[in-house]
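Trainee: Need a 3D model of the following:
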Amino acid sequence: MSRMFGTDGVRGIAGEELTPELAMQLGAAGACVLAGDKGHKPVILIGRDTRISGGMLGSALIAGITSTGADVMDAGVVPTPAIAYLTVKYGCDAGVVISASHNPAKFNGIKFFDGRGFKLPDATEDKIEALIKDGLKDVKRAAGDASGRVMNCENAAVDYAEHCAEAVNVDLKGLKIVIDCAEGASSVTSPMALKKLGADLTVLHNSPDGVNINRDCGSTHMEELCRTVKELHADAGLAFDGDADRCLAVDENGNMIDGDVMMAINAMYMKEKGILKKDTLTVTVMSNLGLTLMAEKNGIKIVKTKVGDRYVLEKMQEDGTSIGGEQSGHIIFLDENTTGDGLLSGLHLLRILKESGKKMSELAKVMEVLPQALVNVPVPNEKKAVFADIPEVKTAIEDLEKKYSGEGRVLIRPSGTEPLVRVMIEGRDKGLIDADAKALADVIAKAVS
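Mentor: Model prediction:
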């Protein structure tokens, strides 16, 4: 049986793969592992994004948690990073988020944070999974008036938005900003924080209806934001994903700025201010080679991890550094939050824009982005671990690695959250890498069909 937890919690089609029964089991097992030996009545904070299935799964999750005697603080719809921050602020024993991030509305997920606001290491997730696979035999149930209570946490969105605004603390008056909330969890918190800081704000896609989250909007579909920034002659745009743990940007000309460029801008600013701890930026193997070249030129050390912001975070903790993240826009400012935080990322970028007096397009020139081709290949979950051993796939990968040796790179990896394999090729010739990536994707698709 494959591992239940992926790189960002348990994911699947709501009601089919991620069922209410599984959510209840995750609640009970999670409460047992994360809060069962605290010596007091545990309290677990939960939140969700705007998916229609969030209510169903949330009710089941709460049932599982309270069945162990733990209390629940229900924060309602809030960003994932809000739960990470508020778990600590409210003194909770753990936090849980119901979200499938940037994925379509039919998917959902459940991910846990410990009492310090950090995502769980594999070993802890394995303990939760083992309890579930053993039928929850070792989970103690509360009877009668020993069951947990459910408390509504009405100030969660405000507390989180105020934290982000105060952490960055910049006067944005005079800046015209457009944001895209992806019909998701940032629909309240991001406008609240930006208005508090004085931005002249235009908001797109902040009317969630349960099924429109991420649909042709947000950080995975930025066409409308790019067009709107240019039409309104705005200074910049910010795009969040469904649970607002990631953010991508748009310059005044309507050009996209990815997470690598955002990290480059921030790392340079922090180094100049003397606040870039260890002069180090932590990224994943998916980051653009141009980021490494920029860092080498400017005396910044690049440390790389495998894909997943949890692995970036683990390395940052180990090394004692202050900023890291992913090309996709998960950026961690560890002095201010314990996970990727789209709102903090956007505000930090806008602070540099305001303080520098430069245009966003000028700031983005800090690094040259080398062409990358990325193709997602649908691959059943049960084949994601073995696809690369299929002879024709193995040969095709080896041939491409030889072709791009010294002139670029080839990276093929299974997604940790979706039934996909990602093919990435980096090089100087955009047309060539696009063709080679598609050809390899076709080989993989045929081999697993």
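Trainee: how much space between I412 and D126?
Mentor: To D126, I412 is 26 Å away according to Cβ to Cβ, to the nearest Å. All C-beta atoms are positioned from the backbone trio N, CA, C, and that covers glycine.
Trainee: How about H205?
Mentor: 38 Å.
Trainee: more neighbours, these two?
Mentor: Neighbours per residue, other Cβ atoms under 10 Å: of H205 and D126, the larger number sits with H205, 25 against 15.
Trainee: Next, the contact list for that one, please.
Mentor: 180-183, 187, 212, 217-218 (Cβ atoms under 8 Å, 6 or more residues apart in numbering).
Trainee: What is the least confident helix or strand in the chain?
Mentor: Every helix and strand of the chain was ranked by mean pLDDT, DSSP states H and E. The lowest is strand 409-414, at a mean of 90.
Trainee: State the distance from V78 to K359.
Mentor: In terms of Cβ to Cβ, V78 sits 33 Å off from K359.
Trainee: The two - which one has more neighbours?
Mentor: Legend: neighbour count by other Cβ under 10 Å for V78 and K359, higher for V78 (29 against 15).
Trainee: The nearest residue to the more buried one once chain neighbours are set aside: neighbour count?
Mentor: Using Cβ to Cβ, 6 or more residues apart in numbering and skipping residues adjacent in sequence, the residue nearest V78 is G47, 4.3 Å away. Other residues lying near G47 total 30 when counted by other Cβ under 10 Å.
Trainee: what about the helix or strand containing G47, average pLDDT?
Mentor: Using DSSP states H and E, G47 maps to strand 43-48. Mean pLDDT, strand 43-48: 98.
Trainee: Which elements pack onto that strand?
Mentor: helix 20-35, helix 53-66, strand 71-77, helix 80-89, strand 94-98 (3 or more Cβ pairs under 8 Å, 6 or more residues apart in numbering; DSSP states H and E).
Trainee: between these, which gets nearest to V229?
Mentor: helix 80-89 (24.0 Å; Cβ to Cβ).
Trainee: Report the buried residues of the closest one.
Mentor: 80-88 (16 or more other Cβ atoms under 10 Å).
Trainee: which other helices and strands contact that helix?
Mentor: Helix 80-89 sits against strand 43-48, strand 71-77, strand 94-98, strand 107-114, helix 156-168, helix 342-356, with contacts defined as 3+ Cβ pairs under 8 Å, 6+ apart.
Trainee: Save the ones you listed as TSV, and put in distance to A31 too.
Mentor: Putting the helices and strands packed on helix 80-89 into TSV (distance: least, Cβ to Cβ, whole Å) gives the following:
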stretch	distance to A31
strand 43-48	6
strand 71-77	9
strand 94-98	7
strand 107-114	10
helix 156-168	20
helix 342-356	28
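Trainee: among these, which is nearest L440?
Mentor: Per Cβ to Cβ, nearest to L440 of these: strand 107-114, 26.0 Å.
Trainee: In CSV, list the C-alpha atoms belonging to that closest one.
Mentor: Extracted in CSV, the C-alpha atoms of strand 107-114 (Å, rounded to 0.1, in the frame of the first residue of the first chain):
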residue,chain,number,x,y,z
PHE,A,107,-9.7,18.0,-4.7
ASN,A,108,-9.2,18.5,-1.0
GLY,A,109,-6.5,17.8,1.5
ILE,A,110,-5.7,17.6,5.2
LYS,A,111,-2.4,18.8,6.6
PHE,A,112,-1.1,19.1,10.2
PHE,A,113,1.1,21.6,12.1
ASP,A,114,2.6,20.9,15.4
